[in-house]
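Asker: need a structure here:
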Amino acid sequence: MTMELLPGGPGAKASSTSLSVMLSEGAKILGLSLTPREIDKFNLYLKELALWNKKISLTAVTEEKEIIIKHFLDSLTVSSLISPHMRAIDVCTGAGFPGIPLKIVRPDMRLTLLESVQKKVKFLEHLVSVLGLKEVEVIWGRAEDLGRKENYRELFDLSVSRAVADLNVLAEYSLPFVKIGGLFVAQKEEKIEEELTRAEKAILILGGKLKELVKIKLPFSEITRSLVVIEKVSSTPEKYPRRPGMPKKKPLS
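Answerer: Okay, here's the model as predicted:
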């Protein structure tokens, strides 16, 4: 499935009004109708991201239009996979992507944000507070540790993550969190087929099965994203995830 590109592109620094229109129109292309309150939250997110990015490294993308396209709209490509009252975890969330944009448009979602860098955790805690988001838990830790804890293991309807590692590594970070029947969604670049082939064995070992591969063109850009949607079909063996560092050092293959 590919969503069509709306004419237009990044240019000079825009006004807050034009940025809001861009966000609203981009969301419509993705099948979402943003309310004025949701747009206000995104504008505040944009402001806080810029302020904090001067103090700590949150994102290399600093131009406002690019943030809307490459962070906000990119995050929202997952929104169609979220069901009412779903419990979700965003693994290695960084500056809150895709979890917080998804929470803004799906406020009934119960969200856990997992991040291993403490400075980013402080930003996330601040952001959740100023945006007035409810039922959001921010955790400082590593996926390899949290995924072995009984009160988080195989608890979630959905695990999401954006391009933080190869898919065979990301599967070991994420699938232990997902309950049987739930989904793990990895947001990846357009050319994902070779990486997906390398990850087939890891996905199978960890209890997953490829459900679908969705290609989405981001509004106002030439960027195409791949959503790798993996269904949890059986329990993850107890020995996974392995100790911190091992999934990346010796990926399952």
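
Asker: identify the residue spatially nearest to Glu190, adjacent ones excluded.
Answerer: Using C-beta to C-beta, 6 or more residues apart in numbering and skipping the chain neighbours, the partner closest in space to Glu190 is Thr224 (4.0 Å). Heads up, the C-betas are built off the backbone N, CA and C, glycines and all.

Asker: the one you found contacts Ile192, doesn't it?
Answerer: No. Counting by C-beta atoms under 8 Å, Thr224 does not reach Ile192; the two are 10.2 Å apart.

Asker: who has more neighbours, those two?
Answerer: Between Thr224 and Ile192, counting by other C-beta atoms under 10 Å, Ile192 is the more crowded of the two (18 against 15).

Asker: circling back to that earlier point, list the contacts of the residue nearest to Glu190.
Answerer: Contacts for Thr224 were tallied using C-beta atoms under 8 Å, 6 or more residues apart in numbering; they are Thr2, Glu190, Lys215, Ile216, Lys217, Leu218.

Asker: can you show me the CA trace of the helix or strand in which Ser159 is found as PDB?
Answerer: Counting by DSSP states H and E, the element that carries Ser159 is strand 156-162. The C-alpha coordinates for strand 156-162 follow below in PDB (Å, rounded to 0.1, in the frame of the first residue of the first chain):
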ATOM      1  CA  PHE A 156       1.600  -5.100  25.300                       C
ATOM      2  CA  ASP A 157      -0.800  -5.100  22.400                       C
ATOM      3  CA  LEU A 158       1.700  -3.100  20.300                       C
ATOM      4  CA  SER A 159       5.500  -2.500  20.300                       C
ATOM      5  CA  VAL A 160       6.800   0.300  17.900                       C
ATOM      6  CA  SER A 161      10.200   1.400  17.100                       C
ATOM      7  CA  ARG A 162      11.800   3.700  14.500                       C
END
